[in-house]
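Trainee: sequence plus the predicted model coming up.
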Amino acid sequence: MKEPVHATIRRINGGVRLRADVEGKPSLEIDSAPPYGAGDTLSAMELFLTSLCGCSGGTVLALLNKMRKTILSFSIEAEGTRLQEPPMRFSTITLKFRLASPNTTEEELKKIIRLAGEKYCPVWAMIKNTVEVETEAEVAAG
C-alpha cells in the first residue's frame, strides 16, 4: 500500500480564500467566485478538472512513451457541466485530447485514453460511477 497523502488547508482572509499545503511542495491558494470570494485564483472545482487532466494526461503520456511513440505536442481541454442544485457537482466532463505525433494514429490514442479511464488513472476511477466522462481524441502528424 502506498504512503498516505497529507494536505492541510487554512483560511487566509476574512472570506473563503484558503491556502493548501502539502509537505515539500509549493503552497496553492484556492478561492470561490464572488460574492463569497475574489475569484482571482482557481476554485476547488477548477482544481478538480485540472487534477483529472493532469492524472489522465500523465497516464496517456506514460503509455505513449512505453509504446515508443514520438510526442511533438500534447494537450487536454476539459469542460465540466455542473448540476444546478446543491451540491452542484459535475454531471458530465468532456476531455479533449490533442496529440501531434508522426507515428500515432487516432485509434491508438483512443485506445490509450480508454485504458487510462478504465484502468490506470486514479482520479478518473474516483468519479467513474458518478460523473459521465466523455472523451475526444485528435491526432495531427506534427
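Mentor: Alright, I've got the coordinates. Numbering: from 1, shown residues only.
Trainee: counting by contacts, list what the top helix by length along the chain packs against.
Mentor: Once the chain is assigned using DSSP state H, the helix that runs over the most residues is helix 44-66. The contact analysis (3 or more CB pairs under 8 Å, 6 or more residues apart in numbering; DSSP states H and E) places helix 44-66 against strand 28-30, strand 73-82, strand 90-100, helix 106-115, helix 122-127. (Glycine included, C-beta is placed from N, CA and C.)
Trainee: outline the domain layout of this structure.
Mentor: Following automatic domain parsing, one finds the domains of the chain at 1-42, 44-140.
Trainee: give me whichever of the ones you listed is most buried.
Mentor: domain 44-140 (a mean of 15; mean count of other CB atoms under 10 Å).
Trainee: one step back: what's the closest of the helices and strands packed on helix 44-66 to residue 136?
Mentor: Residue 136 sits nearest to strand 90-100 of all the helices and strands packed on helix 44-66, at 4.5 Å, using CB to CB.
Trainee: quick one on the thing from earlier: can you put the helices and strands packed on helix 44-66 in a markdown table and add mean pLDDT?
Mentor: Output for the helices and strands packed on helix 44-66, formatted as a markdown table (pLDDT from 0 to 100):
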| stretch | mean pLDDT |
| --- | --- |
| strand 28-30 | 97 |
| strand 73-82 | 98 |
| strand 90-100 | 98 |
| helix 106-115 | 98 |
| helix 122-127 | 97 |
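Trainee: residue 100 and residue 41: what is the separation?
Mentor: Residue 100 sits 31 Å away from residue 41, going by CB to CB, to the nearest Å.
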